[in-house]
Structure formats: structure tokens, C-alpha cells
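In: Here is a sequence with its predicted model. Questions after.
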Amino acid sequence: MKIAILASGRGSNAEAILAAQEAGQLGNARVNALFCDVPGAPVLGIGARFGVPTYQPPAGVFKTKFSPEVELAWAQAIRETGADFLVLAGFMRVIKQALLESFPNRIINLHPSLLPAFAGLDAIGQAWRHGVKITGCTVHYVNATVDGGTIIEQEAVRRTDDDTMETFAAKIHAAEHRLLPAVIRRLSEREAA
């Protein structure tokens, strides 16, 4: 399974995947490309630090989606790297037809809530403001509905009385860093079987 990571920001989840790969914990998966839609995003340095080629195709004028033409160009650029599986790790754009058709049932996303609760933007903030005692993170397949694809796995996180918004978010991010590489490993092993 040859993976392209798509990311937009700090890159902590991309780093968790690449660290797991370096430690031999990604099973039969191999990250061979990292794509970023935000010029200068810190995730680009993480890709370089792990020796993974990074790419920044033009992302177009929209902030949260691609135009059909731009998405088609991204799909072609990703295919040219040899990647056959996409992992969205903090990628802040809605995926539509061109990528979905180019990688059918081969795109997964990490979301910081126990879907279907708190889909969309600011899931951790949504959970915090609602006062939930248990939330977590979800890895799911990507389809045409935002955060609506089939759930693969979830990890629960408990909110305690002494949590602040910062400690609460840190616990969810720690769960993400465990869950996403583990799911990639299991999917790669299932594919190889």
C-alpha cells in the first residue's frame, strides 16, 4: 500500500504516521509522498525531516474546497507519485468527485470526535462547549458527505473535571497519534492477506 498523506497545517498526525513508519510499525504500508495545500505550513518540514518527498500543487482560490479543475490536477499529481491510498491528516479541504473517483474506497480521514457527533470544523471546540464527558477520534473512509463515510475505528477520550480546553485537546490529539498509524497498519495487513 503506497500512501500519500494530505495535510494543511502543523503536521502532528503526519509526524505520527512517519514516526511509526520509521519504527517499522506501519505493516505493509509505505508513505511515498506528502501533499500540502498551504504554502509554508509546518507539515512540509516534517515531510522533509523524514525524507518523504513533499508537493504543493496550486490549490486554487477557495479555502475549504478545490475547484473541479484543481482537484483533477491534484488527483493526477498524486497518481504520478505512485500512491494508491490517501490519508487525510489535518487536511482542511472537502474532497469531491475527482479524488473520490481516482481513489475509490482508498481515502481515509482522521476526525477529532466520535463521529457522527461533532462533524465538520472545530470538533474539539464543539465537544468542549457541549460539555460532553466522552469524546475521542475517528478514522473513516471518505465519501461525498463531509465526515460521513463508513467508520473504520474510533478511540474514546474521557473529559475530567480538571481538564482545561488545552488539556482536553491534548488528550484527543494523543489518541489521534495512536489510532491513525494503527489503522493504517491494519488496513495494509488486510490488503496484503
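Out: Looks like it came in fine.
In: switch to C-alpha atoms for all contacts and neighbour counts from now on
Out: Will do.
In: And the pLDDT at residue 37?
Out: With respect to pLDDT, residue 37 scores 96.
In: so what's it up against?
Out: Remark: with contacts taken as Cα atoms under 8 Å, 6 or more residues apart in numbering, residue 37 is in contact with 7, 8, 56, 57, 58, 59.
In: Turn these into CSV, columns for neighbour count, secondary structure and pLDDT.
Out: Output for the contacts of residue 37, formatted as CSV (neighbours: other Cα atoms under 10 Å; DSSP: H, G, I helix; E, B strand; the rest coil; pLDDT from 0 to 100):
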residue, neighbour count, secondary structure, pLDDT
7, 26, strand, 97
8, 21, coil, 96
56, 15, coil, 95
57, 17, coil, 94
58, 15, coil, 92
59, 20, coil, 92
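In: now, the most widely separated pair of those?
Out: Taking Cα to Cα as the measure, the contacts of residue 37 span a maximum distance of 14.0 Å, between 7 and 58.
In: list the helices and strands the longest helix seen in the chain packs on?
Out: Longest helix in the chain, counting residues (DSSP state H): helix 165-192. Here helix 165-192 touches helix 12-22, helix 123-130, strand 134-141, strand 151-158, going by 3 or more Cα pairs under 8 Å, 6 or more residues apart in numbering; DSSP states H and E.
In: rerun that using 6 Å as the cut-off
Out: Contacts defined by 3 or more Cα pairs under 6 Å, 6 or more residues apart in numbering; DSSP states H and E place helix 165-192 against helix 12-22.
In: who touches the helix it packs on?
Out: By Cα atoms under 6 Å, 6 or more residues apart in numbering, the surrounding residues in contact with helix 12-22 are 89, 177, 181.
In: Show me which of the contacts of residue 37 is closest to residue 193.
Out: Nearest to residue 193 among the contacts of residue 37, with distances taken as Cα to Cα, is residue 7, at 29.0 Å.
In: Check which residues of stretch 105-113 are buried.
Out: Using 16 or more other Cα atoms under 10 Å as the test for burial, stretch 105-113 gives 106, 107, 108, 109, 110, 111, 112, 113.
In: Please identify which of the residues you listed is nearest to residue 122.
Out: Nearest to residue 122 among those: residue 112, at 8.6 Å, using Cα to Cα.
In: would you turn the contacts of helix 12-22 into JSON lines with distance to residue 188?
Out: Output for those, formatted as JSON lines (distance: Cα to Cα, whole Å):
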{"residue": "89", "distance to residue 188": "17"}
{"residue": "177", "distance to residue 188": "17"}
{"residue": "181", "distance to residue 188": "11"}
